[in-house]
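In: structure of the sequence below:
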Amino acid sequence: MSLWEERAARNEALFREVNEQVRSLSGEFGAAASEVSFVCECSDDACAERLRLALGVYETVRSNPRRFFVVPGHEGGFEHVVERAAGYFVVEKEGDAARVAEQTDPRS
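Out: Next up, the predicted model:
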């Protein structure tokens with residue numbers, strides 16, 4: 001794995017951790033049935049784009065540590081799109097990036 005790939009995978013893991021905090025706070029404030037605004041989990045550390053997701057969709061994707069949410073067009077070279085929806089894609093990491101995703105999964 002190149003240094004750039006390692007850094008990109010760690011950026012994505014960091015965004016996932018931010019979204020886990022967003023998810024936790026949304027439950028505390030009674031947003032369980034509505035959509036919540038999450039950050040894009042792409043590899044660009046300067047990305048500030050947001051995604052609106054139903055919590056059920058968020059939980060389904062979070063059940064697989066290799067899967068992340070990204071804004072369409074933000075998918076990278078070491079992942080493939082597994083789902084396309086209005087306003088977001090679900091990508092699954094491959095190779096070394098998948099290993100980093102699994103190792104940094106806050107739910108493991």
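In: shaky segments in this protein?
Out: Low-confidence regions of the chain, defined here as pLDDT under 70, cover residues 1, 27-33.
In: all strands of it, in order?
Out: When secondary structure is read from DSSP state E, the chain shows strands at 35-39, 50-54, 67-70, 79-85, 88-93.
In: could you pull out the helices for this protein?
Out: 3-28, 55-62, 95-103 (DSSP state H).
In: the shortest one - contacts with which helices or strands?
Out: Other helices and strands packing on helix 55-62, by 3 or more Cβ pairs under 8 Å, 6 or more residues apart in numbering; DSSP states H and E, are helix 3-28, strand 35-39, strand 67-70. Any C-beta I mention is one placed from the backbone N, CA and C, and that applies to glycine too.
In: residues contacting residue 80?
Out: Shown here is residue 80, whose contacts under the criterion Cβ atoms under 8 Å, 6 or more residues apart in numbering are 91, 92, 94.
In: of those residues, which is the most crowded?
Out: Of all those, residue 91 has the most neighbours under the rule other Cβ atoms under 10 Å, reaching 25 neighbours.
In: not counting sequence-adjacent ones, nearest residue to it?
Out: Computed as Cβ to Cβ, 6 or more residues apart in numbering, the closest residue to residue 91 that is not its neighbour in sequence is residue 79, at 4.2 Å.
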